[in-house]
Every structure is written in structure tokens, then in C-alpha cells.
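[1] Structure for this input, please:
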Amino acid sequence: MEWIKLVINLKGLVNHLLNRLFFLVVVIGVPLSVIGSLMHWPYVLMFVIYCITIVALAGFMGRATESLAIVAGPRVGGLLNATFGNAVELIISIFALKAGLVGVVLASLTGSVLGNLLLVAGLSFFVGGLKFKRQEFNVYDARHNSGLLMFAVIVGFVIPEVFSMEMAEEQTLSLSIGISVILIALYLAALFFRLVTHRGVYQHETDVVDEHEKPEWSAKFAMIVLILATIAVAYVSENLVHTFESVGERFGWSELFIGVIIVAIVGNAAEHASAIVMAYKNKMNIAVEIAVGSTLQIAMFVAPVLVLISLMFTEKMPLVFTIPELIAMVTAVLLTISITNDGDTNWFEGAILLAAYLIMGIGFYLL
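    Numbers count the residues shown, from 1 in each chain. Predicted coordinates:
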């Protein structure tokens, strides 16, 4: 009993110290980000400051998400985390579209899909699996998500590429607009299906919330923290984008590598941290909802919305990816479906996903 109490006290102390550290980094990092951007400090220095600040802000978003998940359930908590996390990427992409960087936006969307399915899910399964031999999550949600992933990536992304080979530029854009409207409509229908008409129909034993578990923050305060953290992350991320070119030249990173790997990782830092923390606490429903739910939101909502928003700018964005991007996304979808369809995971399956991400990262770096 004494050892158990000691371990609990040590874990509480570590969490307290980490929370204090994240708070200090945010209090120092956000002002430094503002001052550094106004005074034009060296890009490499600002790149480091921005990244550390975003990671600290991600810690607050993770705590807020956990509190909301305890109050509202894993589905709503995971959906909120994915939404606020993707809001950052949406803001960054809009600024990039305004600057005419269509290729970078498409690459960052590819990176988000790969990052969520392979990196976030892989790290979550791996870290959680090191602590628990087996981790279960709602198998019905996994199968539901599998169908949507197949539709969003393979139908929504591959079809425009195939048809565009026989089409003029204007026809390709018209096709992209039509597909975007359908993707958005189906995504909203999927939310209505899961949260309204069939809420609680496909229950799983892992959906049961511990009634004795108390949230760290109230739902109202957690929402305020999420909103403020998202605004701060959006500001820091926007400035971070401006450092990529100089940092890329310094370290020899190509524009495609920056879009697929760097922008995607930084833009989704909040989701990455939250999913891993949830998996470590054996809250796999939330972790999977963050990783897979965020991917679906990127493919079925964010990407189509960006296509429609691009109509307001000089440079229009058709929903047409390069062949390497498409093959990488389709491979990630098929691999994720094969691993998650049984509603059960372990550290080795996480290692498989991480290995696939590393292989693709090397490929995009050398491309």
C-alpha cells in the first residue's frame, strides 16, 4: 500500500511540475513570439521559439479536452479537440492560399492525413501499449470510420486526379467544387448520425465513463481555455509559416517536405499531444477519435472548404494531388483500417504505423 501511495504521489507531482512548466513556457513564449516577429529576430531562433510555444499550448488543449471528455463523453471530447486543432491548420492554409501557395496547402493536407493516421495513431498505440498489454476501443466506431476513410480519401481524392487527366483546367475545378460540396454534406450527415440519430446505439464497454472521475476544469472553463489556446496557436503558427523558407534553406528541406512533414506536424501539435496523453491513460476511444476523427475532418471538411475559399483568390485550388501524395494517403488509409478494424491494439501495431510514417517521410525528403 505504501508503494502504491508513493507512485500516485510521484505521478501527481510530475503532472503538477509539467503543468507549471507548460504555464511558464506559454507566459514567456507567447510574448516572445510577438516581440520577435515585430523586431524581426533571426528566423532559426524564432522557429525554435514558435515550436516550443505551440507544444506548451498543446498541453493546455489536451487538459481542456480531457475535462470535456469526462463531462460530455469521448466522442464529443475527441471531436472538439480535432476541430480546434484543425482550425489552426485551416487558418494557416487560408493565408497560404491568399499568397498563392496552392502546392504547399495541398502538401500540408497530405501531411495532416499521414500525420494523423500514422504518426498520431502510431505514437498513441505505441506509448499506450508500453503501459498496457492490450488496449480496446469501440469497434463499431472503428468500422464506421473505416467506410468514411475509404470514401473520403479513395473516392474524394483519387477520382478528381483520375478524371482530371481527361479534362481541361476549368472542368477540373468544376469537378473539385462539386466533390467538395458532396464531401461537406456527407461529413455533416455523419456527425448528425453519430451524435443525434444513433447516439448510444452502438455502445461498447469502453464507452463507459468512470462516474467517480472528476474533470480538472468545468466544461465552461475548459471551452474558454480551448478557444484562447486555439487563437494563440493560430497566431504563433501563422508566424511560424514565414520562417519555413529560411529554415528550409538552412537545413536543406524542400517545399514539398516542409508542407507534408513540417507544416502538418506543427499545425496539428495540439492533437498529437492530446491523443498520446489519452492513450497513456488508457482512454483509447478519445485517442482514436482524435487521430481518425481529425483525418476525416481534414479530408471531408477542411480540404473541401479550402477549395471553395480559394474561389475568392486569384489562384484557385482544385482538389488534385500529386501521384506520390495520393499513393501515400491511400496506403495510410488501408494500413490504418487493417489495424483498427478489430477494436484492439498494442505497441507493436503502433510501431508498424510509425515505421510506415518514417518510410514516407524519407521518400518525401528525397523527392
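
[2] Could you pull up the contacting residues of residue 137?
    Neighbour list for residue 137: 204, 206, 284-285, 287-288, 340, 343-345 [criterion: C-beta atoms under 8 Å, 6 or more residues apart in numbering]. C-beta: built from backbone N, CA, C; applies to glycine.

[3] State the distance from it to residue 354.
    18 Å (C-beta to C-beta, to the nearest Å).

[4] do residue 120 as well
    Distance of residue 120 to residue 354, computed by C-beta to C-beta: 10 Å.

[5] Look at those two and report which has more neighbours.
    Taking residue 120 and residue 354 together and counting by other C-beta atoms under 10 Å, residue 120 has the greater number of neighbours (31 against 17).

[6] What is the burial count for the residue lying closest to that one once chain neighbours are set aside?
    Sequence neighbours aside, residue 291 is the residue nearest to residue 120 in space, at 4.4 Å (criterion: C-beta to C-beta, 6 or more residues apart in numbering). Per other C-beta under 10 Å, the neighbour tally for residue 291 reads 34.

[7] Same question for residue 291, what's its three-state structure.
    Look at residue 291: counting by DSSP: H, G, I helix; E, B strand; the rest coil, its state is helix.

[8] That one: what's it in contact with?
    Neighbour list for residue 291: 116-117, 120-121, 124, 271, 275 [criterion: C-beta under 8 Å, 6+ apart].

[9] Need these in TSV (columns: pLDDT, distance to residue 155 and secondary structure).
    Compiled in TSV, those are given as follows (pLDDT from 0 to 100; distance: C-beta to C-beta, whole Å; DSSP: H, G, I helix; E, B strand; the rest coil):
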residue	pLDDT	distance to residue 155	secondary structure
116	88	19	helix
117	91	17	helix
120	88	23	helix
121	90	22	helix
124	91	27	helix
271	67	24	helix
275	80	26	helix
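
[10] got any ranges where the stretch 251-367 of the chain has weak pLDDT?
    267-271 (pLDDT under 70).

[11] For it, which segments count as strands?
    Along the stretch 251-367 of the chain, counting by DSSP state E, counting those that start in this stretch, strands occupy 344-345.

[12] For residue 110, which non-adjacent residue is spatially closest?
    Nearest non-adjacent residue to residue 110, counting by C-beta to C-beta, 6+ apart: residue 325, 4.3 Å away.

[13] from memory the one you found sits against residue 107, does it?
    Yes: using C-beta atoms under 8 Å, residue 325 is in contact with residue 107, at 7.0 Å.

[14] can you map out the helices along the stretch 251-367 of the chain?
    255-257, 264-267, 269-280, 284-297, 303-309, 323-340, 347-366 (DSSP state H, counting those that start in this stretch).

[15] Which among those helices is found nearest to residue 178?
    helix 303-309 (10.1 Å; C-beta to C-beta).
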